[in-house]
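# Here is a sequence together with a model predicted from it:
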Amino acid sequence: MDAEIEVLRVGDPGAPPLGALDPDILNYLHSKQCALVTDNRTSMPEHLAAHIAAGRHHGGIFWIRPTTSFKALVNALFMIWATTKAQEWVDCTDWLPY
């Protein structure tokens, strides 16, 4: 069986609704153990610190560099998906592209 990747956007069915607050998104990540790709460097870091301090987890957070093209982002995400396991990213954060 081929490995699959599921990509959801905030607002998609099964994902937090559009306008969801950072703590709600982080709680979603905790419950689903999925990763987040975000450019929110304004409020998310503070909420992430509180989330971790409360003993909650996430499946990884990837911060998008401001100058990242869509192609570079997709290539970086594909490389991560193809060469690592989801468990390696639990509670880790990193910048994309590298």
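All right, it came through fine.
# And the helices in this structure?
22-32, 44-53, 70-83 (DSSP state H).
# To residue 7, which of the ones you listed lies closest?
helix 70-83 (8.6 Å; Cβ to Cβ). Every residue, glycine included, has its C-beta placed from N, CA and C.
# which helices and strands sit right next to the closest one?
Under the contact criterion of 3 or more Cβ pairs under 8 Å, 6 or more residues apart in numbering; DSSP states H and E, helix 70-83 touches strand 61-64, strand 93-96.
# Same list, those, but as a markdown table with mean neighbour count please.
What follows is the helices and strands packed on helix 70-83, written out as a markdown table (neighbours: other Cβ atoms under 10 Å):
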| stretch | mean neighbour count |
| --- | --- |
| strand 61-64 | 19 |
| strand 93-96 | 14 |
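# Serialize those to CSV and add fields for distance to residue 77 and mean pLDDT.
Shown next, in CSV, are these (distance: least, Cβ to Cβ, whole Å; pLDDT from 0 to 100):
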stretch, distance to residue 77, mean pLDDT
strand 61-64, 7, 96
strand 93-96, 7, 94
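# ok, back up a step: quick one: the helices of the chain as CSV, columns for distance to residue 13 and mean pLDDT too.
Listed next are the helices of the chain as CSV, based on distance: least, Cβ to Cβ, whole Å; pLDDT from 0 to 100:
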stretch, distance to residue 13, mean pLDDT
helix 22-32, 13, 96
helix 44-53, 23, 96
helix 70-83, 21, 94
